[in-house]
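Q: Sequence first, predicted coordinates after that:
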Amino acid sequence: MTDIFSGALFIQVSFGWNLYLSTVILLLVTAVYTVAGGLAAVIYTDALQTLIMVGGAFALMFIAFSKVGWYEGLMDRYMSSIPNVTVPNTTCHLPRSDAFHMFRDPVTGDLPWPGLLFGLTVLATWVWCTDQVIVQRSLSAKSLSHAKAGSVLGGYLKLLPMFFVVMPGMISQALFPNEVGCVDPDICQSVCGASVGCSNIAYPKLVIELMPVGLRGLMLAVMLAALMSSLTSIFNSSSTLFTLDLYHKARPKASELELMIVGRVFILVLVCLSLLWIPVVQTANSGQLFDYIQSVTSFLAPPITALFLMAIFWPRANEQGAFWGLMAGLVIGLIRMVLEFSYSPPSCGQPDHRPAVLADVHYLYFALILLALTCLIIVAVSLATAPIPKENLHRLTWWSRHSLERRMDLSSLQITSDQVDSNLSSESDRLQESTWKKVVLWLCGLSSSRSESAAPVIQSSERNFLQEKSLWRIVCDVNALLLLVFNVFLWGYFA
């Protein structure tokens, strides 16, 4: 949803179109791309767009810093960037005194440092270890070395937003304080369509105002293409999760064609829900898109992180503990999310009448609390129920990842050749190949409508997957260590 909103917002600022019209156009183009493309196409286009985006972002960063007098000029101009129209008897128009520090007060800070260190670690673990979009790419790697190298490269690229996004956003407020830094609700409504603030338009505003015409067009094209690629990945991953983990469990004899149709229909449902959710994103978290993303993730992701860590590092965790831990964590997180959206954050100069759990418990602290509660529930239920036999856990936990023992699968789902033959015959009786149907199936990645039931595939090479060539293992490990050292240096420098 945030990808859709940010892409539509970029179109709105760039072309002046209505936000909902921009969203519909973005979704229509993305829907066509999702149907015609596949995972390989998404990965290749992502790689190409990343190179162009890094080049464009570097150019914009250079131009923006030159406008404000580089880093020293940014510090001076940002701290004095005050809009012409302010709310009397308030200080919300003044830049924060800790704006150039990452470690902020644990109680009064907008991003308290304990939450930044530990709370964001919970969210990052969810993204990089369990999020379907990332996991799908990692599992598509040819070997473990390729997967590790991709993760390390992603870590290097994650260093760039500090200089390519965060600081240019601060430059945008320093250059355009009346638009980006507005605090009067009426003025903000006229500038960006959101009365709670216009910080979301900081980066597109910078692109439109500072980039030369040719580079501006290239930057707009690449950013929209990247957003479309992200949406494609999300839609594809969501469709995969729904069709294989839910629908296929309910209908194990479903053919590939049926799963494809259900997946496409589910994507349309997601698109409709996303359109309905736009007003919530506009007004949530004082209109700051970053805070909205992190807060919603803090309400929903910690139970998944807890389950992942417990399953990997504690072999005693079982299915009952996992289920009830997830359900309890989901309910608690949804309650907090409903409360968050039920009580709007106060505008500039207005008192905060929200409950204490919202006003006093930061969402990153809530993520830590939710993680701990989920872990306790998983432990309690797992200890109260039967453990998983050891022969079912070989190569499924951290401690048994190098085991050579044969693993007995828990799932007893088997599809016999008779069932497959019956599915094939029934499909051939019901469906007739026509030219238009062949074209549609080809676009969707299917060679025939007479597709057999999509049975689970058992990989025979899982024991060899952890084997790496020593050279590439050393290269990946050394780069991971260098990345860690460089991150620690940046954290300390900007602390």
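A: Thanks, I have the structure now.
Q: Okay, helices next: where are they in the stretch 101-250 of the chain?
A: Using DSSP state H, counting those that start in this stretch, the helices of the stretch 101-250 of the chain run over residues 113-114, 120-125, 132-139, 144-157, 161, 167-175, 185-192, 202-210, 213-240, 248-250.
Q: Now do the strand or helix carrying residue 67: which elements does it pack against?
A: Using DSSP states H and E, residue 67 maps to helix 39-68. Helices and strands touching helix 39-68, by 3 or more CB pairs under 8 Å, 6 or more residues apart in numbering; DSSP states H and E, are helix 70-79, helix 167-175, helix 202-210, helix 213-240. Bear in mind the C-beta positions are built from the backbone N, C-alpha and C, glycine included.
Q: Could you tell me the average pLDDT over that helix, please?
A: Taken as a whole, helix 39-68 carries a mean pLDDT of 76.
Q: tell me how far that helix is from the chain's mean position?
A: The chain centre lies 19 Å from the centre of helix 39-68; the measure is CA atoms, centre = their mean, to the nearest Å.
Q: got it, and stretch 364-372?
A: Using CA atoms, centre = their mean, the offset of stretch 364-372 from its chain centre is 19 Å.
Q: can you check stretch 159-173 too?
A: The mean C-alpha position of stretch 159-173 is separated from the chain mean by 19 Å, CA atoms, centre = their mean.
Q: Buried residues, that stretch. List them.
A: By 16 or more other CB atoms under 10 Å, the buried positions in stretch 159-173 come out as 164, 167, 168, 169, 170, 171, 172, 173.
Q: May I see those residues organised as TSV, with distance to residue 260 and pLDDT added?
A: Formatted as TSV, these follow (distance: CB to CB, whole Å; pLDDT from 0 to 100):
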residue	distance to residue 260	pLDDT
164	38	82
167	45	87
168	42	86
169	41	84
170	46	86
171	47	88
172	44	85
173	47	85
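Q: ok, these vs residue 81, which is closest?
A: residue 173 (5.3 Å; CB to CB).
Q: Count the neighbours of the residue nearest to residue 115 when sequence neighbours are not counted for me.
A: Excluding the flanking residues, the one nearest residue 115 by CB to CB, 6 or more residues apart in numbering is residue 364, at 2.8 Å. Neighbourhood size, residue 364 [other CB atoms under 10 Å]: 24.
Q: Likewise for residue 480?
A: Neighbours of residue 480 (other CB under 10 Å): 15.
Q: give me the element it is part of.
A: Using DSSP H and E, residue 480 falls in helix 470-493.
Q: one step back: please identify which of the buried residues of stretch 159-173 is nearest to residue 252.
A: Out of the buried residues of stretch 159-173, the member with the shortest distance to residue 252 (by CB to CB) is residue 164, at 47.0 Å.
Q: Excluding chain neighbours, what is closest to that closest one?
A: Residue 164's closest residue in space is residue 57 (CB to CB, 6+ apart), at 4.0 Å.
Q: How much space separates the one you found from residue 122?
A: Shown here: residue 57 relative to residue 122, a distance of 28 Å by CB to CB, to the nearest Å.
Q: Please apply the same query to residue 317.
A: 18 Å.
Q: With residue 478 instead?
A: For residue 478 relative to residue 122 (CB to CB), the value is 28 Å.
Q: again with residue 316
A: 22 Å.
Q: So between the two, which is more surrounded?
A: Neighbours per residue (other CB under 10 Å) separate residue 316 from residue 122, with residue 122 holding more: 22 against 12.
Q: which ones are touching that one?
A: 298, 301, 302, 305, 367, 368, 371 (CB atoms under 8 Å, 6 or more residues apart in numbering).
Q: What is the three-state secondary structure of residue 87?
A: Here residue 87 is recorded as coil under DSSP: H, G, I helix; E, B strand; the rest coil.
Q: Go through the helices of the stretch 101-250 of the chain and name the closest to residue 324.
A: helix 248-250 (18.8 Å).
Q: Next one: the residue most central in space within the chain relative to residue 69, how far apart?
A: Using CA atoms, centre = their mean, the residue of the chain that lies closest to the mean C-alpha position is residue 127, 6.5 Å off. Relative to residue 69, residue 127 is positioned 36 Å away (CB to CB).
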